[in-house]
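only geometry, no sequence info:
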């Protein structure tokens, strides 16, 4: 009897507080902890429940887009991968960001850009990711490479050739390949998409340019000379990390999650581990490192959009961001969060990450991002077959035909 | 179960009553089945005539058969068709041979071992396809420490650095092996029931007449189980043609291994192009119908009785 009464009382409280569902990407439990903290802080105004999305970004997008297209009211708060935001913002699937959250002072530039569409903030930056160049100090030393100065792809390719070592790059047929291509094209001073806000038929690609050819040259060289190892055509970020930890590890471009993962797995490697800003394509031009991360959006069909935005405001507080960085290894989008002493202690490369985020160039912001990304993956894979003289041109032609609805992907 | 034509013209009252009862018993299930199959098929046909993108619902427009023109005129579709047919033919052939051998083992095994043999053979079939696909993927994937290369390293000329999923040929080898491993038990069970139907006295008579083992097999056993073989091949062909899970997990369609189902999935679910995707699904459905028609009309497989008429 007593037990039922307690249960009944508990459910009355639960009923009184509207439940907000937060669709989260898989992490180490940090988002669930923040959800619990914000539920406590709301003091009965709302309750946040997390719901797990699939592992990879493409499947997360599939699920969210399908649900939003069907007008699912359970999508209150969503953790969104930036490149797919325009696609959801354009048809009005995202609720408008309220005035008080439009404030972008103190948020790193790459994160603000990735959260906007059509010149307006349509999501709120939560955390911002970027790739660094990770290297084995012993290798750089033997090659006589001064890592305190910016290095180029040519530099690291020749070190790998001379010492018969392997480079960690993402060559698998996946979103990570687009990330690599975009960073190379942007570092060479180009851009994959020249007019992101045009309609599908009028989009212009910047692939068949000197920048596109420079990118293809780097990917093709690493591929055809076997510098990525035989696993390259199927290598994702985790495979790169394993390769880097192996005997032939030398340089690797990867996200900061590798730091806690590698220091945990093999302290010896951690001693030999160095980091720097993403390699340059042209020695004189600063690199354009990949940026990623997660922004928070509120579904247009949510029953409680106002409460959802309140919850978002709670989630993105700098304290939560630095806590999340320390527990889950995902860098903050708010510059203030980097000043937290725990961050500096746990992530000695925090300042390099911030520098990289300021240099970072997001992937093309367009509602047709998916077509462009998969089109790039189809035509630039496997890396062994990438040829600067033909790949950029044929890739460009193929993607434009897909966008015009004349080709299948 | 022999119904003959003349009786059909003038059925007795009892036959009519039986017929009515039959409809009353099976009717509701039949209607529900029609609803759950016809509705999505009809919807797919309808959608396939539109240019419709899920994230641009306002731009929906009627394009008649234009989606079919795009799909049928695209080399990617024919490439997928080719790969699908190749996988279907190779897996069904391999499974038929292996399945028959396994059926013989189960059939001939001494009583004590029969149960054990059947259980052992059926285990792969009991495993969920996605799980089996992951197991095979990790066994071969060099990035996550696949052990197969290590096992094969004794073969002269074998490259222990071989990345199975980096090329079409080697990817298909793994995909086909996993499919064969997974579904051979199904075909062997169907064949076992066929073997059990072969009358023992026929076999004995042939032996008494001095037939060798091979002759008994070719002249007595195989002709008598032709119907079972055809049913098994029909079912497996239809299933193999719709292959999806293994490819989705192992290569995701990389290196030209994208089967038709995966192409349909990637177009409707991945790209959210409902119109184009539905057109591919309809074409896939038509292909399956054609295969079934070839078997049923061409080879005269009678599904109702499991016999050749």
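Thanks, I have it. All of these numbers come straight from a predicted model, not from anything done at the bench.

Flag the shaky bits of the chain, pLDDT-wise.
Since no chain was named, I'll use chain A. Applying pLDDT under 70 to chain A flags residues A:1-15.

that answer is for a different chain, and I need it for chain B
Ranges of chain B meeting pLDDT under 70: B:1-10, B:302-309.

Would you mind listing what in the stretch 101-250 of chain A touches chain B?
Counting by C-beta under 8 Å from any C-beta of the partner chain, the stretch 101-250 of chain A comes close to chain B at A:172-174, A:229-236, A:238-239, A:242-243. Where you see a C-beta, it was placed from the backbone N, CA and C, and this is true even at glycine.

Filter these down to the buried ones.
Buried residues within those, counting neighbours by 16 or more other C-beta atoms under 10 Å in any protein chain shown: A:172-174, A:229-236, A:239, A:242-243.

Secondary structure for these - can I get that in JSON lines?
Output for those, formatted as JSON lines (DSSP: H, G, I helix; E, B strand; the rest coil):
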{"residue": "A:172", "secondary structure": "coil"}
{"residue": "A:173", "secondary structure": "coil"}
{"residue": "A:174", "secondary structure": "coil"}
{"residue": "A:229", "secondary structure": "coil"}
{"residue": "A:230", "secondary structure": "coil"}
{"residue": "A:231", "secondary structure": "coil"}
{"residue": "A:232", "secondary structure": "helix"}
{"residue": "A:233", "secondary structure": "helix"}
{"residue": "A:234", "secondary structure": "helix"}
{"residue": "A:235", "secondary structure": "coil"}
{"residue": "A:236", "secondary structure": "coil"}
{"residue": "A:239", "secondary structure": "helix"}
{"residue": "A:242", "secondary structure": "helix"}
{"residue": "A:243", "secondary structure": "helix"}
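
Which residue ranges of the chain form strands?
By default, I'm working from chain A. A:19-24, A:47-52, A:77-80, A:116-117, A:120-121, A:124-130, A:132-136, A:166-168, A:249-254, A:273-276, A:291-298 (DSSP state E).

nope, chain B
B:50-51, B:61-62, B:301-302, B:307-308.

Once you drop chain neighbours, what's closest to residue 191?
All of this is about chain A. Nearest residue to residue A:191, sequence neighbours excluded (C-beta to C-beta, 6 or more residues apart in numbering or on different chains): residue A:206, at 4.9 Å.

that's the wrong chain, I meant chain B
Nearest one to residue B:191, counting by C-beta to C-beta, 6+ apart, is residue B:103 at 3.9 Å.

give the contact list for the residue lying closest to residue A:248 once chain neighbours are set aside.
Setting aside the residues directly before and after it, residue A:248 is nearest to residue A:166 in space (C-beta to C-beta, 6+ apart), at 4.3 Å. Shown in contact with residue A:166 (C-beta atoms under 8 Å, 6 or more residues apart in numbering or on different chains): A:160, A:227-229, A:243, A:246, A:248-250.

and if you look at residue A:37?
Applying C-beta under 8 Å, 6+ apart to residue A:37 gives the contacts A:314, A:320.

and what of residue B:115?
Contact analysis of residue B:115 by C-beta under 8 Å, 6+ apart lists nothing.

what's the most distant pair in the residues of the stretch 101-250 of chain A next to chain B?
A:173 and A:242 (18.6 Å; C-beta to C-beta).

Among the strands of chain A, single out whichever gets nearest to residue A:308.
Nearest to residue A:308, of all the strands of chain A, is strand A:291-298, at 4.4 Å by C-beta to C-beta.

what angle separates that closest one from strand A:124-130?
In terms of direction (axes from the mean of the first three to the mean of the last three C-alpha atoms, to 10 degrees), strand A:291-298 departs from strand A:124-130 by 160 degrees.

Sheet-wise, list the partners of strand A:291-298 with their directions.
strand A:77-80 (antiparallel), strand A:124-130 (antiparallel) (DSSP bridges).

Indicate which one of those is closest to residue A:409.
Closest to residue A:409 of the strands paired with strand A:291-298 is strand A:77-80 (C-beta to C-beta; 22.3 Å).

Tell me which residues touch the most centrally placed residue in chain B, please.
Nearest to the geometric centre of chain B sits residue B:239, at 1.9 Å (C-alpha atoms, centre = their mean). Contacts of residue B:239 were listed using C-beta under 8 Å, 6+ apart, and they are residue B:183.

and residue B:183, how far is that from residue B:245?
Taking C-beta to C-beta, to the nearest Å as the measure, residue B:183 falls 11 Å from residue B:245.

same question but for residue B:255, I mixed them up
Residue B:255 is 18 Å from residue B:245, by C-beta to C-beta.

next one: residue B:194
As judged by C-beta to C-beta, residue B:194 and residue B:245 stand 28 Å apart.

More neighbours: which of those two?
Set side by side, residue B:194 and residue B:245 show more neighbours around residue B:194, with 24 against 19, by other C-beta atoms under 10 Å in any protein chain shown.

Wait, that one touches residue B:223, no?
No - if you go by C-beta atoms under 8 Å, residue B:194 and residue B:223 don't touch, sitting 11.2 Å apart.

about what we covered before: out of the contacts of residue A:166, which end up buried?
By 16+ other C-beta under 10 Å, the contacts of residue A:166 give A:160, A:227-229, A:243, A:249-250 as buried.

Isn't residue B:288 up against residue B:240?
No - look at residue B:288 against residue B:240 with C-beta under 8 Å: they stay out of range, at 10.9 Å.

Those two: which has the busier surroundings?
residue B:240 (23 against 16).

residues touching the more buried one, list them.
Contacts of residue B:240 (C-beta under 8 Å, 6+ apart): B:87-88, B:91-92, B:179, B:183.

Closest one of these to chain A?
Nearest to chain A among those is residue B:87, at 19.0 Å by C-beta to the nearest C-beta.

What residues does that closest one make contact with?
Residues counted as contacts of residue B:87 (C-beta under 8 Å, 6+ apart) are B:172, B:175-176, B:179, B:240, B:243, B:259.

Show me what from the stretch 251-400 of chain A comes close to chain B.
A:367, A:370-371, A:374, A:381-382.

Widest-spaced pair of these?
A:367 and A:382 (28.8 Å).

any idea where the helices of the stretch 151-300 of chain B begin and end?
Remark: helices assigned in the stretch 151-300 of chain B by DSSP state H, counting those that start in this stretch are B:168-197, B:200-208, B:213-215, B:222-224, B:226-241, B:245-250, B:260-265, B:274-293.

closest to residue A:86 out of those?
Per C-beta to C-beta, nearest to residue A:86 of the helices of the stretch 151-300 of chain B: helix B:274-293, 19.7 Å.

you'd agree residue A:328 is up against residue A:26?
No - using C-beta under 8 Å, residue A:328 makes no contact with residue A:26, being 10.4 Å away.
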